[in-house]
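**Q** compute the structure for the input listed below.
(2 chains)
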Amino acid sequence: MLKGHLDMIVLAALSAGPAHGYAIMEEIKRRSAGAFDLPEGTIYPVLHRLEQAGLLAGRWVTADSGRRRRVYSLTKRGKRELSEQRAVWEQFADAIGSLFKGSRPWQNPA
Amino acid sequence: MAESGVISAYVERLARALDFDPSLSRRVRREVEDHLWEAVSAHPSADELEAERRAVMSFGDPHVVAAQFAVVSLAKQARKVGIGAMVVIAAVFIAMKARLAWYAVMECPTGQMGSLGEIVVSIDRYAFWLSVVVGIAGWTYIGGRPIPATFTPEYRAQLRRFFLVCLTATGSLIVSVISDGVLTSLRLAGTPWSLDALIPFVSIAIEVVCAGGLVAAIRSVTQRLASTGRAMRMG
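**A** Numbers count the residues shown, from 1 in each chain, chains lettered A, B, ... in the order given. All right, here's what the predicted structure looks like:
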C-alpha cells in the first residue's frame, strides 16, 4: 500500500524545503514517527522519476564533507500536484473515517 | 573517516547493474555514495566496517534498486527519441526549404523532371507530411504518459506503440529523403556542373545524415531496451 503512495510521500517530505536523498528519507521517517521505514534505495528511482515528470528540480551542490550531492526541490508543478494529491487523500480519509464511524458490530441474524 | 571498502564495493555493484544507461549509472553512483557516507556519519559506530555494512544493508539489494531505475531510464530514452525525431524532421524541412529557395534565387530550370518528377514530388510531399503528423502524434503520445513506478504491462504496450509510431515516421521520412535525392538529380541532370550545384547536394547530404542519425538513435534505444529488460528481470 505504501508503494502506491510513494510519490505523494516524497513530495510531502520536500514541502518543508529543498533536501538531498538521505535528508528526505530521514524526514519521511521523522514525520511518520518511524512508520514509513522503507529500504533507502527505494527513494532514488522515485526522485528521478518525479524530476523527469517536472515535479521536482535537482541541482548538484558541494556538501561540507566535500562530496557532491544532488539537492531536490518542489517545482511549481510539484507544489500543485502535492496540493491536489493532498485534497484527494483528505477526501478519501474522511470517507473511510465516516465508514468506520457508521459501522456496527456483527449481529447474528439467527 | 577511514574506508573499509564496503561502500565502494556496493556502489561499484550498483553502477554495474545500471550499465544499461551509462549517464544514469554515473549520476546514481555519486548520489548513492554520498547517501551511504551520510548514513555512516549519522550513525557513528566504533566498528567502521559494521557501520558501512549497516548503511549498505539499509539501502537494499543493488539489483532491485537497478530494476526500479530501469523504467525511469526507459521512459527517458523514449522521450529523447520523440524529441530527436521532431528535431530531425524540422532539420529535413529546413534543408528542403533552403534548397527550394536556392533554386528560386538561381532561377534554376526544372530540367528533365517530366511526369516522373510530378509523381516523385507527390510521393515526397505525402511521405514528408505523413512523417510530420505521425512524429508529432508519437511525441505527444509518449510525452503525455505518466511514468509508472514499475514496468507494468500497460506501460510496456504504450512503449511498443510509441516505437511503432516512431518507425512509421522514420520510414516516411526516409522515403521523403530518397524522393528529394531523385528530384534533385532530375532537376540538375543536364545542367553544366558548377560550384553552385554543390548547394542542393549538400542539403541532400544533410537530410541523409539527419535520417541516418534518427535510425541510429532508434536502433541504439532498441538495444538499450533489451539490456534494460535484462536488468529488470534480474531485479
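**Q** tell me which helix or strand the most centrally placed residue in chain B sits in.
**A** Centrality entry for chain B: nearest residue to the mean C-alpha point is residue B:81, 3.2 Å, by CA atoms, centre = their mean. Assessed by DSSP states H and E, residue B:81 sits inside helix B:62-106.
**Q** and that helix with chain A, contact?
**A** Yes. Contact between helix B:62-106 and chain A, assessed by CB under 8 Å from any CB of the partner chain, occurs at B:62, B:64-65, B:68-69, B:71-72, B:75-76, B:79. Yep, even glycine has a C-beta here, placed from its N, CA and C like the rest.
**Q** could those residues be laid out in TSV, adding pLDDT, neighbour count and distance to residue B:41?
**A** Below are the residues of helix B:62-106 next to chain A laid out as TSV (pLDDT from 0 to 100; neighbours: other CB atoms under 10 Å in any protein chain shown; distance: CB to CB, whole Å):
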residue	pLDDT	neighbour count	distance to residue B:41
B:62	91	22	22
B:64	88	15	25
B:65	90	24	21
B:68	87	25	25
B:69	89	26	25
B:71	85	22	32
B:72	87	24	28
B:75	86	23	34
B:76	86	17	32
B:79	87	17	37
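**Q** can you put those in CSV and add distance to residue B:35?
**A** Output for those, formatted as CSV (distance: CB to CB, whole Å):
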residue, distance to residue B:35
B:62, 13
B:64, 16
B:65, 11
B:68, 15
B:69, 14
B:71, 21
B:72, 17
B:75, 23
B:76, 21
B:79, 26
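**Q** what packs against the helix or strand following the helix holding residue B:81?
**A** Moving toward the C-terminus from helix B:62-106, the next helix or strand (DSSP H and E) is helix B:114-143. With contacts taken as 3 or more CB pairs under 8 Å, 6 or more residues apart in numbering or on different chains; DSSP states H and E, helix B:114-143 sits against helix B:62-106, helix B:153-188.
**Q** can you redo the ones you listed as JSON lines with distance to residue B:215?
**A** Listed next are the helices and strands packed on helix B:114-143 as JSON lines, based on distance: least, CB to CB, whole Å:
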{"stretch": "helix B:62-106", "distance to residue B:215": "10"}
{"stretch": "helix B:153-188", "distance to residue B:215": "6"}
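**Q** mind checking which of the ones you listed is nearest residue B:122?
**A** Closest of those to residue B:122 is helix B:153-188, at 9.0 Å (criterion: CB to CB).
**Q** how about the secondary structure of residue B:145?
**A** Following DSSP: H, G, I helix; E, B strand; the rest coil, we place residue B:145 in the coil state.
**Q** neighbours of residue A:7, how many?
**A** Applying other CB atoms under 10 Å in any protein chain shown, we find 20 residues neighbouring residue A:7.
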